[in-house]
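Undergrad: predicted model and sequence follow; I will ask about them next.
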Amino acid sequence: MNANAPASPETTETLGATRKLPWTESLKVYLEAGTLRMLVLGFSAGLPLVLVIGTLSFWLREAGIDRTTIGYLSWVGLVYAIKWTWSPLVDRLPLPLLTRWFGQRRSWLLLTQCVVMLGLVGMALTDPRQALQPVVWCALLVAWGSATQDIALDAFRIESADIQRQAALAASYQTGYRVAMIWAGAGVLWIAARAQGADSVGYQHEAWQTAYLVMAASMLAGVITVLLSKEPVPREFQASKNLSEWLRGALVEPFSDFVKRYRWRALLILALISIYRISDVVMGIMANPFYVDMGYTKDEVAAVSKVFGLIMTLLGAFVGGALTMRMGVMRVLMLGAVLSAATNVLYAWLGSQGHSVPALIAVISADNLASGIASAAFIAYLSSLTNVNHTATQYAVLSSLMLLAPKFLAGYSGVYVDAYGYNPFFIGTALLGVPVVLLVWLVMRMEAPGK
């Protein structure tokens, strides 16, 4: 195949090479129905992740679970990193009755949303101080449902619009996702604090139970949106004569297609994807235990995250999406990499300030702004790498690679903090961002004309 030949129309083009739009046209896309729909579905996708990793660590630390155990329990998040193994099933396997009624994408979305709700109810009804193992099993159920929902939702998003709108859909999705993370983080803490009462101090399981039941009910927003949405135009697949043909079409071809399109560059691209979010993911596991150990109350963390965190999250996601459409994805990807690493140093500074709410506001605001920008650009970049004939499988593999190494390394975060303390840990996670910046620079040079 000629390396200089134009890309197939079935292959998504590089976002950095798309036509630059005027600012007014770039921002108007956020008012379209498809973009608003993705806002709610992003909320449905973002809610479970925090509840089984982030907020759960606050709950467990308050219940007296040690940091090393909390770190190991973060490996529940590895479910997200291996979701590509069953992504071909989500891409092509019809669900009895559901697929006939709702279509391929919507049927899987509804199934997984119900699984997430069931797992959250199970977590709510179990006290980790009395029995930790049932909480872990329910968290795994939530993680599986959430990861599978991500597979179907990513395919639904990519198949619902042309390439010119993918950055806006990604920004809207990320905004909803981040709002859900605020609700599943700050919202849970606020609800638990209200349920516990101002006169009650220490750990109280009933307060956490109430909060998690409310989170389970919050998943109904995604269910209703799916029911009111239209199924993307269905793609007909040739019926397979035997199992080997099906496996080749559903599993082997998506991988070989990616390698054929990018050749030797695929290794560099995959390396970048696998570590782009490593600073944020590794640091994030110990953020909530850090707040507890620094003496911040549930109300304080909730208030700061709910107000300042939400504002900066929204700003970061929309700025990231708009900058991507205006400047190209790679430049914004570089900006996000630098900001994500730099903001981790601020947590080390926060540790030296004692119990300071103003300092907490500054750090959480900066961290959410950086994360919003980086995530919007990164999702758009992943979307640009997929072939529409293998959307769910390819996107699931790429987004899974994003989590595999960071989640595995994050499992040892509690061990590191117990051995060396919080400040060296935060500085170390910032240094993890240096290879990311280098890889973004190499990919930029690789895609530059004449390279």
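TA: That came through fine.
Undergrad: for residue 296, helix, strand, or coil?
TA: Under the three-state scheme (DSSP: H, G, I helix; E, B strand; the rest coil), residue 296 adopts coil.
Undergrad: now swap in residue 94 and tell me
TA: coil.
Undergrad: so how far is residue 108 from it?
TA: As judged by CB to CB, to the nearest Å, residue 94 and residue 108 stand 9 Å apart. In this view, the C-beta of every residue, glycine as well, is placed from N, C-alpha and C.
Undergrad: who has more neighbours, those two?
TA: residue 108 (28 against 13; other CB atoms under 10 Å).
Undergrad: any idea how far the more buried one is from residue 398?
TA: In this view, residue 108 and residue 398 are 19 Å apart by CB to CB.
Undergrad: same check, this time on residue 52
TA: From residue 52 over to residue 398 the distance is 22 Å, taken as CB to CB.
Undergrad: neighbour count for the two, which is higher?
TA: Between residue 52 and residue 398, residue 52 has the larger neighbour count (other CB under 10 Å), namely 29 against 21.
Undergrad: in the protein, which segments are predicted with low confidence?
TA: Low-confidence segments of the chain (pLDDT under 70): 1-34, 161-168, 198-201, 233-251, 253-254, 306, 387-397, 399-400, 447-451.
Undergrad: which parts of the stretch 51-200 of the chain are helices?
TA: With DSSP state H, counting those that start in this stretch as the criterion, the stretch 51-200 of the chain has helices at 54-62, 67-73, 78-81, 87-92, 98-102, 104-124, 132-159, 166-182, 188-196.
Undergrad: alpha carbons only: can I get the last one in PDB?
TA: Extracted in PDB, the C-alpha atoms of helix 188-196 (Å, rounded to 0.1, in the frame of the first residue of the first chain):
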ATOM      1  CA  VAL A 188     -21.600  11.800  48.200                       C
ATOM      2  CA  LEU A 189     -19.600  13.600  50.900                       C
ATOM      3  CA  TRP A 190     -22.300  16.300  51.200                       C
ATOM      4  CA  ILE A 191     -25.100  13.800  51.400                       C
ATOM      5  CA  ALA A 192     -23.300  11.600  53.900                       C
ATOM      6  CA  ALA A 193     -22.500  14.600  56.100                       C
ATOM      7  CA  ARG A 194     -26.200  15.700  56.000                       C
ATOM      8  CA  ALA A 195     -27.400  12.200  56.800                       C
ATOM      9  CA  GLN A 196     -24.900  11.900  59.700                       C
END
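Undergrad: now do that helix: which elements does it pack against?
TA: Applying 3 or more CB pairs under 8 Å, 6 or more residues apart in numbering; DSSP states H and E, we find helix 188-196 packed against helix 54-62, helix 205-218, helix 298-304.
Undergrad: so which of the helices of the stretch 51-200 of the chain comes closest to residue 411?
TA: The closest of those to residue 411 is helix 67-73. By CB to CB, the value is 5.5 Å.
Undergrad: what residues does the closest one touch?
TA: For helix 67-73, contacts defined as CB atoms under 8 Å, 6 or more residues apart in numbering pick out 56-57, 60-61, 136, 139, 285-286, 289, 410-415, 417-418.
Undergrad: which of the residues you listed are buried?
TA: 56-57, 60-61, 136, 139, 285-286, 289, 410-414, 417 (16 or more other CB atoms under 10 Å).
Undergrad: for residue 111, list the residues it contacts.
TA: If a contact means CB under 8 Å, 6+ apart, then residue 111 has 95, 98, 148 as its contacts.
Undergrad: what about the closest residue to the first one other than its chain neighbours, neighbour count?
TA: Going back to what we said before, that points to residue 95. Spatially, and ignoring its direct neighbours in sequence, residue 95 is nearest to residue 107 (4.7 Å; CB to CB, 6 or more residues apart in numbering). Residues contacting residue 107 under the criterion other CB under 10 Å number 22.
Undergrad: residue 373 and residue 435, how far apart?
TA: Here residue 373 is placed at a distance of 20 Å from residue 435 (CB to CB).
Undergrad: of those two, which one has the most company?
TA: Ranked by neighbour count (other CB under 10 Å), residue 373 and residue 435 place residue 373 first, with 28 against 14.
Undergrad: in a strand, that's where that one is, yeah?
TA: No: judged by three-state DSSP, residue 373 forms no part of a strand; its state is helix.
Undergrad: contact partners for residue 110?
TA: By CB under 8 Å, 6+ apart, the contact set of residue 110 is 98, 102, 223, 226, 227.
Undergrad: just send the helices of the stretch 51-200 of the chain back as TSV, with distance to residue 232 too.
TA: TSV is the format used below for those (distance: least, CB to CB, whole Å):
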stretch	distance to residue 232
helix 54-62	31
helix 67-73	37
helix 78-81	23
helix 87-92	13
helix 98-102	12
helix 104-124	6
helix 132-159	4
helix 166-182	12
helix 188-196	33
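Undergrad: indicate which one of these is closest to residue 219.
TA: Comparing these by CB to CB, helix 104-124 comes nearest, at 4.8 Å.
Undergrad: can you point out the buried residues in that closest one?
TA: In terms of neighbour count (16+ other CB under 10 Å), helix 104-124 has its buried residues at 104-113, 115-117, 119-124.
Undergrad: can you get me a residue count around residue 54?
TA: Counted with other CB under 10 Å, the neighbours of residue 54 add up to 20.
Undergrad: meant to ask about residue 295, not that
TA: Residue 295: 9 surrounding residues under other CB under 10 Å.
Undergrad: with adjacent residues omitted, what lies nearest to it?
TA: residue 355 (4.8 Å).
Undergrad: from residue 85, how far off is the one you found?
TA: From residue 355 to residue 85 the distance is 45 Å (CB to CB).
Undergrad: residue 411 too?
TA: In terms of CB to CB, residue 411 sits 20 Å off from residue 85.
Undergrad: now swap in residue 401 and tell me
TA: For residue 401, the distance to residue 85 - CB to CB - is 13 Å.
Undergrad: same question, residue 227
TA: Distance, residue 227 to residue 85, using CB to CB: 29 Å.
Undergrad: list the residues that contact residue 427.
TA: Residue 427 makes contact with 344, 345, 348, according to CB under 8 Å, 6+ apart.
Undergrad: pull out the buried members of those residues.
TA: For the contacts of residue 427, a neighbour count by 16+ other CB under 10 Å gives the buried set as 344, 345, 348.
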